[in-house]
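predicted model and sequence follow; I will ask about them next.
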Amino acid sequence: MGNDLSDILNGLANGRVIPYLGPGLLAGAPIPSDLPALAETLSSQVTVPHRIRRNLTAAAQYIENFKHRKTLKDLLDKTFSVETPVHPLLLDLAAMHLPLIVHLWYDDSMARALAGQVSWGRIQGLSQSEHFGHWTGCYQADGQEADAAAAEQWRTVLYEPWGSLSPAGNYLASDSDFVEVLTEIDIQTPIPAIVQELRRDRHFLFIGCRFNDQLQRSFARQIMKRSSDRHWALIDAPLSRNEERFLREQNILPLSLPITELAGRLAA
């Protein structure tokens, strides 16, 4: 593991390792840090059938169908507007001016970590129910909309495939949101060209991610396409059988390493 950690630190320093950040970075924070917890949070505010109360995409679809899309968006805004401290690791990553950071959750913590940096922006996945025909939206650091050409000039691209609370409350959350994207993702249509370019021959470092559901495995698999053949995942907990199979198939080495240890090494 020592060699792997050295390789990770060196790869981050020279921009060859792409952090892929998941909801587990929020563990202990007052907002949901996994899909079932978010489903329960939404279900506690709107009556949802018991059988889907821990299924995020199904619960979100039910709310969208019976209470309107705006209700779902308002609930997600409310959930992720709760003030949370920015994890020190995110501040360290922001200061490294990495070419690409992937953030697969709805909070805006990585964007807040980048707020003091220059020349960065974000690209977010868009719901077809709200932005039909447009898979992604680009935003400058100040939240103003930008075009894809502008993104090519940014020093750091923050890619948020499922959207985010800020700057415009874009969310992929319901069954229909994900069906639209997953129908096209195998041919890479929903993945921005700049992301496809920046991932080429680079390694991914998964932090705060688990792969025990098909949705997260599908996005990781497609976002990693045509990158290198060596990656890492910080998972300081037992792996499920599905996770073990996925990590093996994708050449992702699991490291039983606390996030705090990586943060401490980066800070040093």
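Perfect, I can see it now.

SS state for the closest residue to residue 186 other than its chain neighbours?
Spatial nearest neighbour of residue 186, excluding adjacent residues (C-beta to C-beta, 6 or more residues apart in numbering): residue 222 at 6.9 Å. C-beta here means a position set from N, CA and C on the backbone, and glycine is covered the same way. What DSSP: H, G, I helix; E, B strand; the rest coil gives for residue 222 is helix.

residue contacts, residue 222?
Residues counted as contacts of residue 222 (C-beta atoms under 8 Å, 6 or more residues apart in numbering) are 185, 186, 188, 191.

please apply the same query to residue 158.
101, 103, 110, 111, 114, 120, 121, 122, 123.

list the ones among these that fall in helices.
In helices, judged by DSSP state H, the following of the contacts of residue 158 are found: 110, 111, 114.

make TSV out of these and add pLDDT, neighbour count and distance to residue 80.
What follows is these, written out as TSV (pLDDT from 0 to 100; neighbours: other C-beta atoms under 10 Å; distance: C-beta to C-beta, whole Å):
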residue	pLDDT	neighbour count	distance to residue 80
110	98	24	13
111	98	25	12
114	98	25	17
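
and of these, the nearest to residue 86?
Closest approach to residue 86 among the ones in helices among the contacts of residue 158 (C-beta to C-beta): residue 110, at 8.3 Å.

confirm for me that that closest one is in contact with residue 100.
No - judged on C-beta atoms under 8 Å, residue 110 makes no contact with residue 100 at a distance of 11.8 Å.

list the buried ones in stretch 258-268?
Using 16 or more other C-beta atoms under 10 Å as the test for burial, stretch 258-268 gives 259, 262, 263, 266.

quick one on the thing from earlier: quick check, nearest of the contacts of residue 158 to residue 53?
Closest approach to residue 53 among those (C-beta to C-beta): residue 103, at 26.3 Å.

can you count the residues close to that closest one?
27 (other C-beta atoms under 10 Å).

residue 208 versus that one, what's the distance?
Using C-beta to C-beta, to the nearest Å, residue 103 is found at 10 Å from residue 208.

so what sits against both of those two?
Shared contacts of residue 103 and residue 208 (C-beta under 8 Å, 6+ apart): residue 21.

just to revisit the earlier point, can you tell me which of the buried residues of stretch 258-268 are in helices?
Using DSSP H, 259, 262, 263, 266 are the members of the buried residues of stretch 258-268 that sit in helices.

can you pull the contacts of the first one?
By that I understand residue 259. Residue 259 sits next to 24, 25, 87, 89, 207, 208, 234, 236 when contact means C-beta under 8 Å, 6+ apart.

hmm, which of these are the buried ones?
Burial by neighbour count, 16+ other C-beta under 10 Å: within the contacts of residue 259 this picks out 24, 25, 87, 89, 207, 208, 234.

show me which of those residues is closest to residue 32.
Distances from residue 32 to the buried ones among the contacts of residue 259, taken as C-beta to C-beta, are shortest for residue 24 (11.1 Å).

pull out the buried residues from the helix or strand hosting residue 60.
For residue 60, the host element (DSSP states H and E) is helix 56-67. Residues of helix 56-67 classed as buried: 56, 57, 58, 59, 60, 61, 62, 63, 64 (neighbour count, 16+ other C-beta under 10 Å).

as TSV, the residues you listed with pLDDT and distance to residue 177 would be great.
Below are the buried residues of helix 56-67 laid out as TSV (pLDDT from 0 to 100; distance: C-beta to C-beta, whole Å):
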residue	pLDDT	distance to residue 177
56	98	11
57	98	8
58	98	12
59	98	13
60	98	8
61	98	8
62	98	13
63	98	12
64	97	9
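
wait, which of those residues is closest to residue 171?
The closest of those, once distances to residue 171 are taken by C-beta to C-beta, is residue 60, at 8.4 Å.

measure that closest one to residue 268 for me?
From residue 60 to residue 268 the distance is 41 Å (C-beta to C-beta).

could you do residue 120 as well?
Residue 120 is 24 Å from residue 268, by C-beta to C-beta.

closest one of the buried residues of stretch 258-268 to residue 203?
Nearest to residue 203 among these is residue 262, at 14.5 Å by C-beta to C-beta.
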